[in-house]
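> only geometry, no sequence info:
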């Protein structure tokens, strides 16, 4: 169990829950970061009294510095400050940022040999090979926080050193539009898309759940985290969200991790690993549940999931382009400048126009990310 942490993205859903878990466990919060929500960031800073607060938006950082002038808390702004937040204050960093902005701070924390409790999907989607390779080289722990990847991690840890892994079974609730066709959802509003039936999440990840892109990102993330090929991962729809994922072994046995839908559980395990501590979350009441159900995903009706699985097989810059284009398309949708049905088409256009093959280095991946964002905004910003 760690005794102090830094939290990147502390004002988001996972970040706030991480701080709550840390407070309950008596883990010292040494540094936190946010972006533009400086009102909440100030509240968190006064509540936890970290040594350092980073605000990625530099103008907002100047305002927060004035607001916290009566404290001893240091305030910094921009990417360099975000990197300092990840590296300089605690031996464990929780990366709860949204988007590929988490890649550089994560690599910097790995270089320091820190434990990375990773909740930032896009970091692994964009640069998974580089991240996992660097972690192996530096001896840094990568502990997944996503409920699905935490479940897989726990199943493999329970099996021990000889994993005898055959395949990963990645579960998903199906989101708010499960069972509906593309035609039925093409004009869905942001309010409809963020109304997840099981999980309380931020707006971006909620929209990704509605398009099933979130499951596609998790597919790529699992491939990197657990060193498996795309064909060794199967996605299954599980509406109850009680089984968070499963591992099938070579002898035909399947191990699953179960729990109610509560992000505090995988967050806590990432901080207390390799031990378990009591929590405030009850175990599932199986008699009350009555049944657990499973369905094959309808890939024709979930093109974002199908595209992500294809990008996993294409490699090169495909996943980086897809992730960046999706971020921009979702932002346009949330600001009501784009229809829900257009998200998948725009992301697919970006991948088809921009993705290249090969084994990209970090600069190539960052350039692909930038190019994808420009492509979406220049071609669809006034869609």
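Arrived safely, thanks for sending. All values reported here derive from a predicted model rather than from experimental measurement. Numbering: from 1, shown residues only.

> So which residues of this structure form strands?
Remark: strands assigned in the chain by DSSP state E are 4-8, 28-34, 52-55, 74-77, 92-95, 115-118, 142-144, 165-172, 233-237, 243-249, 254-258.

> Pick the most deeply packed of the ones you listed.
Ranked by mean neighbour count under mean count of other C-beta atoms under 10 Å, these are led by strand 92-95, which reaches a mean of 29. The way it works is simple: take the backbone N, C-alpha and C, and place the C-beta from them, glycine included.

> Redo the strands of the chain as JSON lines? Include mean pLDDT and distance to residue 345.
Shown next, in JSON lines, are the strands of the chain (pLDDT from 0 to 100; distance: least, C-beta to C-beta, whole Å):
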{"stretch": "strand 4-8", "mean pLDDT": "98", "distance to residue 345": "32"}
{"stretch": "strand 28-34", "mean pLDDT": "97", "distance to residue 345": "33"}
{"stretch": "strand 52-55", "mean pLDDT": "97", "distance to residue 345": "35"}
{"stretch": "strand 74-77", "mean pLDDT": "97", "distance to residue 345": "36"}
{"stretch": "strand 92-95", "mean pLDDT": "97", "distance to residue 345": "30"}
{"stretch": "strand 115-118", "mean pLDDT": "98", "distance to residue 345": "30"}
{"stretch": "strand 142-144", "mean pLDDT": "98", "distance to residue 345": "31"}
{"stretch": "strand 165-172", "mean pLDDT": "97", "distance to residue 345": "22"}
{"stretch": "strand 233-237", "mean pLDDT": "98", "distance to residue 345": "21"}
{"stretch": "strand 243-249", "mean pLDDT": "97", "distance to residue 345": "29"}
{"stretch": "strand 254-258", "mean pLDDT": "97", "distance to residue 345": "35"}
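
> Looking at those, which is nearest to residue 214?
strand 165-172 (7.6 Å; C-beta to C-beta).

> helices or strands up against that closest one?
helix 147-159, helix 213-225, strand 233-237, strand 243-249 (3 or more C-beta pairs under 8 Å, 6 or more residues apart in numbering; DSSP states H and E).

> pretty sure residue 334 contacts residue 203?
Yes. Applying C-beta atoms under 8 Å, one finds residue 334 in contact with residue 203, separated by 5.7 Å.

> overlap in contacts of those two?
residue 190 (C-beta atoms under 8 Å, 6 or more residues apart in numbering).

> Distance check, the closest residue to residue 128 other than its chain neighbours against residue 130.
Spatial nearest neighbour of residue 128, chain neighbours left out: residue 224 (3.0 Å); criterion: C-beta to C-beta, 6 or more residues apart in numbering. According to C-beta to C-beta, to the nearest Å, residue 224 and residue 130 sit 10 Å apart.

> pLDDT below threshold where in the stretch 251-383 of the chain?
382-383 (pLDDT under 70).

> Hmm, the residue nearest to residue 128 is touching residue 132, no?
Yes. Judged on C-beta under 8 Å, residue 224 makes contact with residue 132 at a distance of 5.4 Å.

> Can you list the neighbours in contact with stretch 259-266?
Contact with stretch 259-266 is made by 13-14, 17, 20-21, 144-147, 150-151, 198-199, 241-242, 244, 279-284, as judged by C-beta under 8 Å, 6+ apart.

> Mind listing what's buried along that stretch?
Residues 259, 260, 261, 262, 263, 264, 265, 266 are the ones in stretch 259-266 that count as buried (16 or more other C-beta atoms under 10 Å).

> Check stretch 43-56 too.
Buried residues in stretch 43-56, defined by neighbour count with 16+ other C-beta under 10 Å: 44, 45, 48, 50, 51, 52, 53, 54, 55, 56.

> Could you do stretch 288-303 as well?
297, 298, 301, 302, 303.

> tell me which of those is nearest to residue 160?
Using C-beta to C-beta, the buried residues of stretch 288-303 come closest to residue 160 at residue 297, 31.2 Å.

> Could you tell me how far that closest one is located from residue 173?
Note on residue 297: its distance to residue 173, by C-beta to C-beta, is 11 Å.

> Now for the two: what residues contact both?
If you check residue 297 and residue 173 against C-beta under 8 Å, 6+ apart, the residues they both contact are residue 237.

> Let's see the pLDDT reported for residue 189.
At residue 189, the model reports a pLDDT of 95.

> OK, contacts around it?
Applying C-beta under 8 Å, 6+ apart, the residues near residue 189 are residue 340.

> ok, now residue 110?
For residue 110, the contact set (C-beta under 8 Å, 6+ apart) comprises 116, 131, 134, 135, 138, 140.
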